[in-house]
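S.K.: The amino acid sequence is not available; the structure is as follows:
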Ligand SMILES: [Zn+2]
């Protein structure tokens, strides 16, 4: 079995004639699309031609970007790939300006519904067209758009780049050695308690060096977000973000209400873990990720494949077959190597009904879980096969549905046959993660809300930011965390606060986690009859608002009861964990 992925279905290499031809074609395709837009064709014909051109352009960009980006993902030092990727990004800017112009054009069509009704070509993509018409109301006016985009380069984007530079050059003095921040933060998972504590203390002390410029980055990026929201005609940054996510306030509030209700249970878990590790009054921040129990067994990739096929095949044989095929056809780049990025991801090549998965497999059970997660994304892509490209864009909160579903399914199956000891370790690692996606995410949401609101009045000082962070942790972790051992600098270490153009990059995580779990609960209730509904749900993720997509499988995301049901599953795990803790 070959354990690197195969990209040859895209191109044989950068010298491949097909690659060079596509690259040459790209700017022409953009010019042609602009020419259609500027022509005086009748509206319906113009719209049909524009959408055809858009489909072709999207697929073309997908091929080129995938090939350059995926080559770089396993070979960061590949200068040729880097050059082509830079070149593509410049051309893509022209495409996005034409994109804005098309949105304005669709926004100006008053009888859009009549035109859709009259066109067989446009009917299947009606959702995308209606959404364009709506978003035209929130496009920056054409006269100032180029200037605002320019200012952004020296504003939010520049601060975002500065943040990355500060972060990547930041060092921490750990036991007399100067180490990069990720290395020291990674020690939170160390088996040795004194390493975890020393690493935490060294990390907190290190932020003094960068706190001032970091605070300027954060204040400026959030100020720009306020300005952008206003320029686009939104009442608030949150409204703009929800709109980008096709989500409504009622849904967000229902989810947050339910999470808040279950905070006491999360705190119970944290206190039980604290007691297990020998702490009297809540968990010190540095032990949030402490491993508990015995390290579980190590797996080869062949064994991992067997586990996945056996356990996921119980959902549907088609899933097992799909996964087997992914291994067989080399969709997966399995092992870590020099020049390959960390973590894991899945990228879709829609046109070819294929996905590419990058992992850094080292043989732990959590690595198998990662494979299940990424293969879930791939299954989601499979369910969308054949759709027009403009209906394949899944909003962030729904994008983790299939991946979380797979992770939950795998854990559910494996727990059934695990020994008490294995159960303890598996449960704890699952609770550790869900505590992050619910409790920590809520603290980030509260913190970001405060920063954005306060920014209307003034830029927050370092002390104000630290204070706001501690209050957000207090409101969420509560007595689950030890009183004086928290993390006042979480705003300086999480990159999520600093992408200009992407705000509240937190609640979609909680949504994804709880929605995936809720869908799984629905499957447990309905059994095999749920499988086709599930696949249809995934297929429709880019063809409706979040509430509409969820309603298609009978889920009401605006009702806190849906979220409570997902959290009940977590609560049951917490109960079991606390019982096992007492026995240990
Ligand atoms: Zn994912």
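M.R.: Looks like it came in fine. This one's a predicted model, so the numbers in the text were calculated from it and none came from an experiment. Numbers count the residues shown, from 1 in each chain.
S.K.: Which SSE is immediately downstream of the host helix or strand of residue 35?
M.R.: Using DSSP states H and E, residue 35 falls within helix 17-38. Once helix 17-38 ends, the next helix or strand along the chain (criterion: DSSP H and E) is helix 43-74.
S.K.: Now do that following helix and helix 17-38, the angle between them.
M.R.: Between helix 43-74 and helix 17-38, the angle comes out at 150 degrees (axes from the mean of the first three to the mean of the last three Cα atoms, to 10 degrees).
S.K.: now for the helix or strand following helix 43-74, which elements pack on it?
M.R.: Later in the chain than helix 43-74, the nearest helix or strand by DSSP H and E is helix 79-108. Judged by 3 or more Cβ pairs under 8 Å, 6 or more residues apart in numbering; DSSP states H and E, helix 79-108 is in contact with helix 17-38, helix 43-74, helix 126-136. For every residue, glycine as well, the C-beta is placed using N, CA and C.
S.K.: picking up where we left off before, only the buried residues of the helix holding residue 35, if you could.
M.R.: Across helix 17-38, burial judged by 16 or more other Cβ atoms under 10 Å covers 19, 22-23, 26, 29-30, 33-34, 36-37.
S.K.: got CSV for the helices and strands packed on helix 79-108, with distance to residue 175 too?
M.R.: Formatted as CSV, these follow (distance: least, Cβ to Cβ, whole Å):
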stretch, distance to residue 175
helix 17-38, 49
helix 43-74, 34
helix 126-136, 53
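S.K.: Of the ones you listed, which is nearest residue 371?
M.R.: Of all those, it is helix 43-74 that lies closest to residue 371, at 16.5 Å by Cβ to Cβ.
S.K.: Could you list the buried residues of that closest one?
M.R.: Of the residues in helix 43-74, those buried (16+ other Cβ under 10 Å) are 44, 46-51, 53-54, 57-68, 70-74.
S.K.: Report how many residues lie close to residue 487.
M.R.: When neighbours are counted by other Cβ atoms under 10 Å, residue 487 registers 23.
S.K.: how much space between it and residue 16?
M.R.: Look at residue 487 and residue 16: by Cβ to Cβ, to the nearest Å, they are 49 Å apart.
S.K.: shaky segments in the stretch 251-400 of the chain?
M.R.: Counting by pLDDT under 70, the ranges of the stretch 251-400 of the chain that qualify are 295-296.
S.K.: Now with 90, please.
M.R.: 291-298, 336-344, 360, 362-366 (pLDDT under 90).
S.K.: Who are the packing partners of the host helix or strand of residue 434?
M.R.: Secondary structure assignment for residue 434, by DSSP H and E: helix 420-435. Under the contact criterion of 3+ Cβ pairs under 8 Å, 6+ apart, helix 420-435 touches helix 249-276, helix 401-416, helix 560-583.
S.K.: for these, which one ends up most surrounded?
M.R.: helix 401-416 (a mean of 22; mean count of other Cβ atoms under 10 Å).
S.K.: so how far is the helix holding residue 35 off the chain centroid?
M.R.: 31 Å (Cα atoms, centre = their mean, to the nearest Å).
S.K.: What is that helix packed up against?
M.R.: Applying 3+ Cβ pairs under 8 Å, 6+ apart, one finds that helix 17-38 contacts helix 43-74, helix 79-108.
S.K.: Direction-wise, compare the longest one with helix 79-108 and give the angle.
M.R.: Helix 43-74 and helix 79-108 are oriented at 150 degrees to each other (the same axes, to 10 degrees).
S.K.: Next up, the contacts around the residue nearest to the spatial centre of the chain.
M.R.: The centroid of the chain falls nearest to residue 396 when counting by Cα atoms, centre = their mean (6.1 Å). Residues in contact with residue 396, defined by Cβ atoms under 8 Å, 6 or more residues apart in numbering, are 245, 508, 512.
S.K.: Was I right to think the first one contacts residue 397?
M.R.: Yes: distance between residue 245 and residue 397: 5.7 Å, which falls inside the contact criterion (Cβ atoms under 8 Å).
S.K.: just to revisit the earlier point, among the helices and strands packed on helix 420-435, which comes closest to residue 459?
M.R.: helix 249-276 (26.7 Å).
S.K.: so how far is that closest one off the chain centroid?
M.R.: With Cα atoms, centre = their mean, you get 21 Å for helix 249-276.
S.K.: what angle do that helix and helix 420-435 make?
M.R.: Using the same axes, to 10 degrees, helix 249-276 lies at 140 degrees relative to helix 420-435.
S.K.: could you give the angle of helix 249-276 to helix 560-583?
M.R.: 0 degrees.
S.K.: following helix 249-276, which helix or strand shows up next?
M.R.: helix 301-312.
S.K.: tell me which residues in that next one are buried?
M.R.: Quick answer for helix 301-312 (16+ other Cβ under 10 Å): 301, 304-305, 307-309, 311-312.
S.K.: Kindly reformat the helices and strands packed on helix 79-108 as CSV and extend each row with mean pLDDT.
M.R.: Shown next, in CSV, are these (pLDDT from 0 to 100):
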stretch, mean pLDDT
helix 17-38, 98
helix 43-74, 96
helix 126-136, 96
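S.K.: between the ones you listed, which gets nearest to residue 319?
M.R.: Nearest of the helices and strands packed on helix 79-108 (Cβ to Cβ): helix 43-74, 24.2 Å.
S.K.: roughly how far is that closest one from the heart of the chain?
M.R.: With Cα atoms, centre = their mean, you get 22 Å for helix 43-74.
S.K.: other SSEs contacting it?
M.R.: helix 17-38, helix 79-108, helix 112-118, strand 345-349, strand 354-358.
S.K.: For residue 7, what are phi and psi?
M.R.: In terms of degrees, to the nearest 10, the main-chain angles of residue 7 are phi -100, psi 10.
S.K.: and the residue nearest to it when sequence neighbours are not counted, how far is that from residue 322?
M.R.: Ranked by Cβ to Cβ, 6 or more residues apart in numbering and with sequence neighbours excluded, the top spatial neighbour of residue 7 is residue 70, at 5.8 Å. Counting by Cβ to Cβ, the gap from residue 70 to residue 322 is 20 Å.
S.K.: And for residue 206?
M.R.: With Cβ to Cβ as the criterion, residue 206 and residue 322 are 46 Å apart.
S.K.: So for these two, which residue has more residues nearby?
M.R.: Higher neighbour count among residue 206 and residue 322: residue 206, with 22 against 18, using other Cβ under 10 Å.
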